[in-house]
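A.B. asks: sequence unknown, structure follows:
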């Protein structure tokens with residue numbers, strides 16, 4: 001059987017639980033987690049090469065961004081739980097991801113496509129590498145391991161730039177960008193204490209995340225507002241529930257269970273957003289109204305009821321489990337009803 005880009009993308013999604021569980025082990029278990037994340041992140045580059053070699057597919061165009069977003073969820077949610085990334089930074093980051101995906105939904109309805117910018121192309125790479133660096137600095141807080149790794153990467157990047165310039169007479173923009181970020185990372189690492197390093201690295205990643213969204217925010221928000229109040233309400237409902245789930249994660253009775261359930265919720269929300277996007281483009285069965293008129297009201301009532309009847313931690317747990325059940329059922333139903341076009 002020929003190895004395709006879709007095989008690698010599916011493999012990346014299936015294997016993501018492995019490094020996730022390793023994160024919660026001892027120091028060397030974390031090292032294995034970082035190595036596993038690195039290998040899985042590298043498959044993102046490989047499946048891009050295979051897609052260009054064999055040609056893109058409709059399924060691949062949907063799966064690749066889903067895999068990237070699930071990768072980010074599975075890395076950053078545990079980092080929030082471990083106290084490495086501030087909760088508000090993660091909320092802002094995922095708010096941007098859900099917002100841009102939903103704005104692309106509006107743009108697809110208006111047949112408005114935007115050219116992908118260079119910073120948008122490298123945004124996910126920065127998020128992936130940033131998560132690895134954050135976990136590495138938390139695993140080895142003396143900073144020497146992280147510093148040595150970043151210095152080695154900087155030297156390799158500089159020599160690669162020299163070699164390409166010698167051969168082609170120019171230095172690729174991505175190498176210049178990589179050099180700049182490595183220098184910035186080393187400077188922050190050398191100048192600040194480890195907690196401050198975590199905070200500043202998180203802010204840098206968040207800043208790049210939002211800078212990459214600039215054109216989507218400018219065009220997509222305008223289209224959303226033009227569609228009227230109903231579109232704005234739909235946008236709010238799509239964003240509110242998964243971010244609420246992330247905010248409630250620290251308040252659950254069982255911390256680890258809360259992390260697992262929130263990862264499931266956020267991942268399924270990304271899956272359903274991606275399917276709805278394909279459905280709009282290909283004319284499939286659009287069931288997104290179920291989210292707006294069934295799931296959202298039910299979850300609001302459930303949250304109010306749980307917090308009225310139970311203690312805070314128990315109520316948060318029940319809300320997250322209920323929401324995860326709704327999210328999984330919706331995503332599975334959406335996939336089944338549109339299985340024809342998803343093939």
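C.D. replies: Perfect, thanks for sending it. Just so you know, these numbers come straight off a predicted model, no measurement behind them.
A.B. asks: Who are the contact partners of residue 221?
C.D. replies: residue 103 (CB atoms under 8 Å, 6 or more residues apart in numbering). (Glycine included, C-beta is placed from N, CA and C.)
A.B. asks: Going by neighbour count, which residues in stretch 224-236 are buried?
C.D. replies: 224, 231, 234, 235 (16 or more other CB atoms under 10 Å).
A.B. asks: tell me which element the first one falls in.
C.D. replies: Yep, that's residue 224 we're talking about. helix 214-226 (DSSP states H and E).
A.B. asks: Next secondary structure after that helix?
C.D. replies: helix 229-248.
A.B. asks: Which other helices and strands does that next one contact?
C.D. replies: If you count contacts as 3 or more CB pairs under 8 Å, 6 or more residues apart in numbering; DSSP states H and E, helix 229-248 packs onto helix 87-109, helix 214-226, helix 255-282, helix 296-309, helix 312-337.
A.B. asks: Name the residues that touch that helix?
C.D. replies: Applying CB under 8 Å, 6+ apart, the set of residues contacting helix 229-248 is 77, 80, 87, 90-91, 94-95, 98-99, 102-103, 106, 224-225, 258, 261-262, 265-266, 269, 273, 291-292, 295-296, 299, 303, 316, 319-320, 323.
A.B. asks: Tell me the gap between that helix and the middle of its chain.
C.D. replies: How far helix 229-248 lies from its chain's middle: 17 Å, per CA atoms, centre = their mean, to the nearest Å.
A.B. asks: Same check on stretch 132-148?
C.D. replies: Centroid separation for stretch 132-148 versus its chain: 22 Å, with CA atoms, centre = their mean.
A.B. asks: For the helix holding residue 224, what is the distance to the chain centroid?
C.D. replies: The answer for helix 214-226 is 21 Å, by CA atoms, centre = their mean.
A.B. asks: again, but for stretch 35-52
C.D. replies: The chain centre lies 16 Å from the centre of stretch 35-52; the measure is CA atoms, centre = their mean.
A.B. asks: and if you look at stretch 153-162?
C.D. replies: Relative to its chain's centre, stretch 153-162 lies at 28 Å (CA atoms, centre = their mean).
A.B. asks: List the buried residues for it?
C.D. replies: 153, 154, 157, 161.
A.B. asks: Same list, those residues, but as CSV with secondary structure and distance to residue 339 please.
C.D. replies: As requested, the buried residues of stretch 153-162 are exported to CSV (DSSP: H, G, I helix; E, B strand; the rest coil; distance: CB to CB, whole Å):
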residue, secondary structure, distance to residue 339
153, helix, 43
154, helix, 47
157, helix, 44
161, helix, 47
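A.B. asks: closest to residue 209 among those?
C.D. replies: In terms of CB to CB, no member of the buried residues of stretch 153-162 lies closer to residue 209 than residue 153, at 21.2 Å.
A.B. asks: Pull the number of nearby residues for the nearest residue to that closest one once chain neighbours are set aside.
C.D. replies: Counting by CB to CB, 6 or more residues apart in numbering, residue 182 is the residue found nearest to residue 153 once chain neighbours are left out, at 5.8 Å. Counted by other CB atoms under 10 Å, the residues lying close to residue 182 total 20.
A.B. asks: residues in contact with residue 182?
C.D. replies: 150, 153, 154, 157.
A.B. asks: In terms of helices and strands, where is it?
C.D. replies: Using DSSP H and E, the element containing residue 182 is helix 173-191.
A.B. asks: Enumerate the positions of that helix that are buried.
C.D. replies: 175, 177, 178, 179, 181, 182, 185, 186, 188, 189.
A.B. asks: now, of the helices and strands packed on helix 229-248, which is deepest in the fold?
C.D. replies: When the helices and strands packed on helix 229-248 are scored by mean count of other CB atoms under 10 Å, the highest mean neighbour count falls to helix 255-282 (a mean of 21).
A.B. asks: Quick one: mean pLDDT over it.
C.D. replies: Looking at helix 255-282 alone, the average pLDDT works out to 89.
A.B. asks: Following it in sequence, what is the next regular element?
C.D. replies: helix 289-290.
A.B. asks: pLDDT (mean, whole number) over that next one?
C.D. replies: Rounded mean pLDDT across helix 289-290 is 87.
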